[in-house]
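Colleague: Fold the following and give me the result.
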Amino acid sequence: MSNLFIIEAPKKCKTLQELLEKIGVTAKVAATKGHLYDMPGLQELGIDKGFRDFERKLIIPDIARYIRELAAEAKHVYVATDADQEGDVIAWDVAELIADIHPDPYRVRLKGMDEDSIRAALDETTLVNKRDAVPGRTRAIVDRMIGSVFSQNGIAVGRVSTGLLGLVKDNPPCALRVRLVAPAQDGGRPWVAETDVIKPLDAGIAARLAKVRFPALAVGATASKPYTRAPGNMGDIMVRAGDELGMSPAEASGSLQRLYEAGRMTYPRAGSRGISKSALRKIHDVLKKSGYEFSADKVAEKKETDVHDAPHPIGKLDVQLDPTKQGFDEGLRTLVARDLVRSGQSHAVQLGVGEVAGRHLATLGFSNAVCDFVAKLHWRREVGQRYPGQEAWPKSTVIERRHDTVLLELAKNHGLGRPSTWAGEVIVDGVRKPTGIIDKFISRNLVDKDFQLTEKGKKWVAASPPLLLDPRISAYIEDACEKTLSGMMDHPEREPWEILAERIVSVLPPEIQQPLYDAIDAVPRHPKDDPTAAFRKTTTVDDIMRATREKTYDYAPAMPSLTDY
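Modeller: Coordinates of the predicted model:
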């Protein structure tokens, strides 16, 4: 009997099987094609008074049947879905689907599609844990209730999207920036000041400022203490990809995923801004040969609470190459590598005397407000080692940022959504359909090019519960889904996500809480479905007793070693 590895993406099946064979593991690999189960559209809520999502059904029953058939022939079953909360939900769904065949499947959390990463993941094999699925299942229940109850008359209300709308309404971001450069009196690196084009600036004034030849500025403050720049998490990388490579969030997310599947990047959907020492050892020599100063000891280490390292490249690198000329995938990989080199360096910041720049602008006819604004900017320069991509002598310029990048940065900075929800797409009949919150927000035309509310946007704001327009509510719910309540894992009749979802709703402000309770109050409790029932033939008591005599189940299996494969 061979082993069975179950992953999400069909495109990764062949790659994983080949890598397993290289390390001596004989296994078949099957894919779930994403989530096995889903809820129908929001026309019917499908949640009862006990917070059970009783309308949750198999998306493609044939895939479930195929997985069961392979599991019945397998010695061991390993669920190697993505090591994030969505992957944990799928892992538990698989475990329940094959519970009568393999009551205790194993969980493998892949951190990269390369031989070393797979060996490391196998060494950390655990059992599939129901507790891991609680945050994702809880969030799905609460978010569905909010979306179904408050959306009406063509106006979509969502925990994350409405919070983003509220952010833009109260503090419209800006896609236009201006970078001003002035020489240094000491002949060192020039001073740079960068700002969004906000009052008293406008596009015309910014263009005029970019043409000004500023006088040399003196050092205005002693250098700061040396600091290191932490590696970027997925959100940071996606924003960088938009600003430096002109990539949309969906394009950046897709590139990171392709690089991961090709074994050229570690797991992308990571929120960590640190890298473990063991991972750094693998890339230390490569980065040391880059031609730049690099010390692995200076790179921020991953926190114990982080599941993954910050995304970083796997394999050979050449940070000398220009990312803008490499295409999206390799260009993004090089950009991440360049930033990682910088994370292994120390720098300090000096501030220049901005008043000199302000007085100079006054002689050119700029208003007092503009002169004062520019004088108070942080005219800064870094002191330290050179890093790849650093401009030795930058020029003043106006920078027009992508609107979707600006929105992504706004959502990321305020804790709205997660890497798996920021960007994505599906192709339906050859037409691209955005599935990420950023693309969806833009496609609704709620704001104009200056991020001011359109008439449609104003209508949506007026129809949205004011408290849901506050991004803090969304962030609170996001955090609450990670909590553990006493006894929630041991209730004989209820699932832990039902208990946690009820608790979260119970402490929401009354303006949100009461409509959610009203929506489910009259829906009777539904019994829990047996996911295996649809695939099992009816048996007699004699059949069950005979099967019990023939097969002994070990309810606490030891972790298999490589010799078990």
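
Colleague: what separates stretch 210-227 from the chain centre, distance-wise?
Modeller: 36 Å (Cα atoms, centre = their mean, to the nearest Å).

Colleague: could you give the mean pLDDT of that stretch?
Modeller: Mean pLDDT, stretch 210-227: 90.

Colleague: could you dump it to PDB, C-alpha only?
Modeller: In PDB, the C-alpha atoms belonging to stretch 210-227 read as follows (Å, rounded to 0.1, in the frame of the first residue of the first chain):
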ATOM      1  CA  ALA A 210       9.900  68.400  -9.000                       C
ATOM      2  CA  LYS A 211      11.600  70.900 -11.400                       C
ATOM      3  CA  VAL A 212      13.200  73.000  -8.700                       C
ATOM      4  CA  ARG A 213      17.000  72.800  -8.200                       C
ATOM      5  CA  PHE A 214      17.200  73.100  -4.400                       C
ATOM      6  CA  PRO A 215      20.300  74.500  -2.700                       C
ATOM      7  CA  ALA A 216      22.700  72.300  -0.700                       C
ATOM      8  CA  LEU A 217      21.300  71.500   2.800                       C
ATOM      9  CA  ALA A 218      23.400  71.100   6.000                       C
ATOM     10  CA  VAL A 219      23.100  68.300   8.500                       C
ATOM     11  CA  GLY A 220      20.300  69.200  10.900                       C
ATOM     12  CA  ALA A 221      20.500  66.400  13.400                       C
ATOM     13  CA  THR A 222      23.000  63.700  14.400                       C
ATOM     14  CA  ALA A 223      22.400  60.300  13.000                       C
ATOM     15  CA  SER A 224      19.900  58.100  14.600                       C
ATOM     16  CA  LYS A 225      20.900  54.800  16.300                       C
ATOM     17  CA  PRO A 226      21.700  52.100  13.800                       C
ATOM     18  CA  TYR A 227      18.700  50.100  12.800                       C
END
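
Colleague: in that stretch, what counts as buried?
Modeller: 210, 212, 214, 217, 219 (16 or more other Cβ atoms under 10 Å). All C-beta atoms are positioned from the backbone trio N, CA, C, and that covers glycine.

Colleague: any idea which of these is closest to residue 482?
Modeller: Nearest to residue 482 out of the buried residues of stretch 210-227 is residue 210 (Cβ to Cβ; 45.5 Å).

Colleague: residues in contact with that closest one?
Modeller: Counting by Cβ atoms under 8 Å, 6 or more residues apart in numbering, residue 210 makes contact with 178, 179, 180, 396, 397, 398.

Colleague: I'd like the next helix or strand past the helix or strand containing residue 236.
Modeller: Assigned by DSSP states H and E, residue 236 falls within helix 234-245. Downstream of helix 234-245, the next assigned helix or strand under DSSP H and E is helix 249-261.

Colleague: what residues does the following helix or strand past that following helix touch?
Modeller: Next helix or strand after helix 249-261 toward the C-terminus (DSSP H and E): helix 277-288. Identification of contacts with helix 277-288 by Cβ under 8 Å, 6+ apart yields 116, 120, 266, 294, 296, 299, 301, 309, 312-314, 316-317, 319, 337, 340-341, 344.

Colleague: what distance separates helix 277-288 from the centre of its chain?
Modeller: Distance, stretch centre to chain centre, for helix 277-288: 24 Å (Cα atoms, centre = their mean).

Colleague: what does stretch 172-184 give?
Modeller: For stretch 172-184 - counting by Cα atoms, centre = their mean - the centre lies 28 Å from the chain centre.

Colleague: average pLDDT for that stretch?
Modeller: 96.

Colleague: Can you pull up the most central residue in the chain?
Modeller: residue 419 (1.3 Å; Cα atoms, centre = their mean).

Colleague: Contact partners for it?
Modeller: Taking Cβ under 8 Å, 6+ apart, one finds 84, 233, 234, 235, 253, 268, 269, 270, 271 in contact with residue 419.

Colleague: neighbour-wise, which of those leads?
Modeller: residue 270 (28 neighbours; other Cβ atoms under 10 Å).

Colleague: In stretch 154-162, which residues are buried?
Modeller: 155, 156, 157, 158, 159, 160, 161, 162.

Colleague: cool, and stretch 449-463?
Modeller: 451, 453, 457, 460, 461, 463.

Colleague: go on, stretch 112-127?
Modeller: 112, 113, 114, 117, 118, 120, 121, 122, 125.

Colleague: of all the contacts of residue 210, which two lie farthest apart?
Modeller: 180 and 398 (10.1 Å).

Colleague: show me what contacts the closest residue to residue 249 other than its chain neighbours?
Modeller: Once flanking residues are discounted, residue 249 sits nearest to residue 423: 3.6 Å by Cβ to Cβ, 6 or more residues apart in numbering. Neighbouring residues of residue 423 by Cβ under 8 Å, 6+ apart: 238, 248, 249, 250, 252, 253, 408, 436, 438, 439.

Colleague: For the first one, which non-adjacent residue is spatially closest?
Modeller: On the basis of Cβ to Cβ, 6+ apart, the spatially nearest residue to residue 238 that is not a chain neighbour turns out to be residue 252, at 4.3 Å.

Colleague: Can you give me the distance of the one you found to residue 268?
Modeller: 9 Å (Cβ to Cβ, to the nearest Å).

Colleague: joint contacts of the two?
Modeller: residue 237.

Colleague: circling back to that earlier point, from the buried residues of stretch 112-127, pick the one nearest residue 384.
Modeller: residue 112 (30.5 Å).

Colleague: Contacts only, for the nearest residue to the closest one once chain neighbours are set aside.
Modeller: Distances taken as Cβ to Cβ, 6+ apart put residue 266 closest to residue 112, at 4.5 Å, once the chain neighbours are dropped. By Cβ under 8 Å, 6+ apart, the contact set of residue 266 is 111, 112, 117, 260, 279, 308, 309, 311, 312, 313, 314.

Colleague: again, but for residue 142
Modeller: Here residue 142 is in contact with 159, 477, 481, 501, 504, 505 (criterion: Cβ under 8 Å, 6+ apart).

Colleague: Alright, that wraps it up for me.
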